[in-house]
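1. Got a predicted model here, sequence first, then my questions.
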Amino acid sequence: MLYKLAHILRDRFGFLWNIIEWCNAFVFALTHGAALKKIPGILEECSGQYTLRLAAPADAAPLATFFAEQPEEAFEFFKPHAFDEKTLSKIIRNKAFLTFLVLDGEKIVGYFFLRCFVNGKSFRGKIVDYRYRGKGIAKLEGLAMTKVAEATGIRMFGTISPDNYASLASSKAVNETRIVETLDNGYYYIEYLPKNESEQK
């Protein structure tokens, strides 16, 4: 219900949606401030061959370049927002839209996010550079999001096409997935739940 309402407000009532987003970000940052301070440490713990960190305002331009370099088919199942620098800058500055990067050295090779709401729910999304697929990065992103969600007390939701086999596989490798409902477009509306560490091995 929340997913459908959010899309209706965003698509049909842009001005109202902007007000709601500002209020949501303000209240979310206020109520989750202490927990949000744990995120850099969590990302550092998840880093190894690749570095995970929060996106900063200066990342908007290189992130727009990252998206521009991806082939058209990379966006078949990934359309959470526009990918231009202006939009990305706005998203990164939104305190309730937690945006994360995966870096190989200084190069952005992955992007993932938790779009959070004051009711304790969030929508998640992730994408990996087409040149870095098959290297476990999507699984790493899922693991990091799960740890952040646990630390902040946020429930994670998302939508996955039943045809997006790669995303389904990487999600199930890290999370228990509960199908809440099947949407009108055929996508699964899923809640992502923590999986015991022993089950991930």
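-> That came through, no problem.
2. buried residues in the longest strand seen in the chain?
-> The residue-count maximum for a strand in the chain (DSSP state E) belongs to strand 107-116. For strand 107-116, burial by neighbour count (16 or more other CB atoms under 10 Å) applies to 108, 109, 110, 111, 112, 113, 114, 115, 116. C-beta here means a position set from N, CA and C on the backbone, and glycine is covered the same way.
3. outside of the helix or strand following it, which residues touch it?
-> Toward the C-terminus, strand 107-116 is succeeded by strand 121-128 as the next helix or strand (DSSP states H and E). Applying CB atoms under 8 Å, 6 or more residues apart in numbering, the contact partners of strand 121-128 are 2-3, 70, 74, 78, 80, 98, 102, 109-116, 137-138, 141-142, 145, 149, 154-159, 167, 192.
4. partner strands of the longest strand of the chain, parallel or antiparallel?
-> If you go by DSSP bridges, strand 107-116 pairs up with strand 97-104 (antiparallel), strand 121-128 (antiparallel).
5. Mind checking those for the one nearest to residue 33?
-> Checking the strands paired with strand 107-116 against residue 33 by CB to CB gives strand 97-104 as the closest, at 13.0 Å.
6. same for whichever helix or strand residue 156 is part of, what does it pack against?
-> Assessed by DSSP H and E, residue 156 sits inside strand 155-160. Judged by 3 or more CB pairs under 8 Å, 6 or more residues apart in numbering; DSSP states H and E, strand 155-160 is in contact with strand 121-128, helix 137-152, helix 165-174, strand 188-194.
7. Now do residue 140 against residue 22, distance only.
-> Per CB to CB, to the nearest Å, residue 140 is found 32 Å from residue 22.
8. If you could redo that for residue 92, that was the one I meant.
-> Here residue 92 is placed at a distance of 15 Å from residue 22 (CB to CB).
9. the more surrounded of those two?
-> A direct count of neighbours by other CB atoms under 10 Å for residue 92 and residue 22 places residue 92 higher, at 20 against 13.
10. tell me the SS of the nearest residue to residue 147 once chain neighbours are set aside?
-> Excluding the flanking residues, the one nearest residue 147 by CB to CB, 6 or more residues apart in numbering is residue 42, at 4.9 Å. Following DSSP: H, G, I helix; E, B strand; the rest coil, the label given to residue 42 is helix.
11. Sweet, I'm off.
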